[in-house]
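Engineer: Kindly return the folded structure for what I paste below:
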Amino acid sequence: MKVLIADQFETAGIDALKQAGCDVLYQPDLKNDALARAIHETAAAVLVVRSTPVTGAMLEGGSLSLVVRAGAGYNTIDVATASRRGIYVSNCPGKNSIAVAELAFGLMLALDRRIPDNVADLRRGVWNKKEYSTARGLFGRTLGLIGYGLIGQEMAKRAHAFGMPVVVWSRRFSTGDTKIGDRQVPIAVAISPQEVAARCDVLSVHLALTHETRGLVDAAVLDALKPGSYFINTARAEVVDPAALERAIRERHLRVAVDVFAAEPAGPTGSFSDPIVHLPGVYGTHHVGASTDQAQDAIAAEAVRIVTTFKESGKVPNVVNLARETPATHMLVVRHLDQPGVLAHVFDRLRANNINVQETENVIFDGAEAAVARINVDSAPSPALLDAIQAGNRDILDLRLVDI
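Structural biologist: Numbers count the residues shown, from 1 in each chain. Next comes the predicted model:
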């Protein structure tokens, strides 16, 4: 199986794919038209990317069966086109959660102790202990989390160690208190992002970018923060309203740290301009939340697991674009002898009556003499059609229709 890797990828991961029998093409600098040509010309079955955009035209111009996003998000991949063409899209959730949480806490400490400003003054030969001795401290201050997936949960663990109460809003929760994992970390659950902001001293965003979350952190949320609060975004720039954030920095004196920007350079280096980094009290990093050796090793190992599982079994872990519900309304259960042509006969009769098969499973009994097929269909076969199916093949032992 040919695997095209069009982004930076760990050497150990490349070696593991080769050992699994994959024909690996490692071309980490492919972008745009060059990537589209490579997908077409190599006829690769699998594409592995990190932050490189994968467009609909790229998916339509090749022979891909699987696209693996070597990371958590997948908003850079045209998932809708992949779904229309029957191409699996998979990702590596949770493998960089600790790395992102570590950076978010580093930014929190930097905001509180103004570490970058300390360093900058020392490098200029300025000693100003009086100015930098005015930190608030984090102990006893409330951390608010908007989003409570794997990264949010890692944040809560660290906040607990720092003696910080935690209040959370998540689309998965309603109200009340809950605990996570073996650490038994207590959290309070708010009913809205605005409530989280109103109850916390530090607000940290950990949302995936979706249609529903774009711009979710808006003026209503930011205005609910206490003046002088800390705000951290290591998720996606697009989940925050930039105009509202700029106004809150200027008027409510928020101290802000961000790792993500709306207009980031396409490559790992380049010129950069974003007005937010020039505002007072703002720190920024270079979208490096997931960029630790530990995280990259874990992501590479997970990407290898996805590809090798697909190669060996046809199954894909972590698929993001399978239908949660199909149009199937009924299940046709066919008990039959394990002989050629039985299921072909059933499918042919269903097709002739314009009944579409949505999903099917055929279970073989010990000795491989008999089997049961479960066939999900989008409409109910008539009693006459059921009789015709059974009468038309002597290897069908029994069939019945079940509503689903």
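Engineer: ok, now which ones touch Glu361?
Structural biologist: Glu361 makes contact with 373-374, according to Cβ atoms under 8 Å, 6 or more residues apart in numbering. Heads up, the C-betas are built off the backbone N, CA and C, glycines and all.
Engineer: let's see it at 6 Å
Structural biologist: Arg374 (Cβ atoms under 6 Å, 6 or more residues apart in numbering).
Engineer: which stretch of helix or strand covers it?
Structural biologist: strand 357-364 (DSSP states H and E).
Engineer: could you pull out the helices for the stretch 101-250 of the chain?
Structural biologist: Using DSSP state H, counting those that start in this stretch, the helices of the stretch 101-250 of the chain run over 115-123, 129-132, 150-161, 193-199, 219-222, 242-252.
Engineer: so which of those gets nearest Ile187?
Structural biologist: helix 150-161 (5.7 Å; Cβ to Cβ).
Engineer: packing partners for the closest one?
Structural biologist: Where contact means 3 or more Cβ pairs under 6 Å, 6 or more residues apart in numbering; DSSP states H and E, helix 150-161 is packed against helix 97-113, strand 143-146, strand 185-189.
Engineer: then the strand holding Glu361 to PDB, C-alphas only?
Structural biologist: Provided in PDB are the C-alpha atoms of strand 357-364 (Å, rounded to 0.1, in the frame of the first residue of the first chain):
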ATOM      1  CA  VAL A 357     -28.500  -1.500   1.100                       C
ATOM      2  CA  GLN A 358     -27.000   0.800   3.800                       C
ATOM      3  CA  GLU A 359     -24.900  -1.600   5.800                       C
ATOM      4  CA  THR A 360     -24.400  -5.400   5.900                       C
ATOM      5  CA  GLU A 361     -22.700  -8.000   8.000                       C
ATOM      6  CA  ASN A 362     -22.300 -11.700   7.300                       C
ATOM      7  CA  VAL A 363     -21.400 -13.900  10.300                       C
ATOM      8  CA  ILE A 364     -20.000 -17.400   9.600                       C
END
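Engineer: chain center to that strand: distance?
Structural biologist: From the chain centre to the centre of strand 357-364 is a distance of 29 Å (Cα atoms, centre = their mean, to the nearest Å).
Engineer: Quick check: buried residues in that strand?
Structural biologist: For strand 357-364, burial by neighbour count (16 or more other Cβ atoms under 10 Å) applies to 357-358, 360.
Engineer: what do you get for stretch 235-250?
Structural biologist: The neighbour-count check on stretch 235-250 (16+ other Cβ under 10 Å) flags 235-241, 244-246, 248-249 as buried.
Engineer: Redo these as JSON lines? Include pLDDT.
Structural biologist: Conversion of those to JSON lines gives the following (pLDDT from 0 to 100):
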{"residue": "Ala235", "pLDDT": "95"}
{"residue": "Arg236", "pLDDT": "94"}
{"residue": "Ala237", "pLDDT": "95"}
{"residue": "Glu238", "pLDDT": "95"}
{"residue": "Val239", "pLDDT": "96"}
{"residue": "Val240", "pLDDT": "97"}
{"residue": "Asp241", "pLDDT": "97"}
{"residue": "Ala244", "pLDDT": "97"}
{"residue": "Leu245", "pLDDT": "97"}
{"residue": "Glu246", "pLDDT": "96"}
{"residue": "Ala248", "pLDDT": "97"}
{"residue": "Ile249", "pLDDT": "97"}
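Engineer: So which of the residues you listed is the closest to Ser229?
Structural biologist: Nearest to Ser229 among the buried residues of stretch 235-250, with distances taken as Cβ to Cβ, is Ala248, at 9.0 Å.
Engineer: can you point me to the longest helix in this structure?
Structural biologist: helix 293-313 (DSSP state H).
Engineer: Give the buried residues for that helix.
Structural biologist: Buried positions in helix 293-313, judged by neighbour count with 16+ other Cβ under 10 Å: 295-296, 298-304, 306-311.
Engineer: ranges for the helices of the stretch 251-400 of the chain?
Structural biologist: Under DSSP H, counting those that start in this stretch, the stretch 251-400 of the chain gives helices at 293-313, 342-352, 383-391.
Engineer: of the ones you listed, which approaches Phe231 most closely?
Structural biologist: Phe231 lies closest, by Cβ to Cβ, to one member of the helices of the stretch 251-400 of the chain: helix 293-313, at 23.8 Å.
Engineer: Would you mind listing the outside residues contacting the closest one?
Structural biologist: 1, 10, 13, 16-17, 20, 46, 48, 66, 68, 70, 90, 92, 95-96, 99, 315-317.
Engineer: Just the buried ones from those residues?
Structural biologist: Buried members of those, scored by 16+ other Cβ under 10 Å, are 1, 10, 13, 16-17, 20, 46, 48, 66, 68, 70, 90, 92, 95-96, 99, 316.
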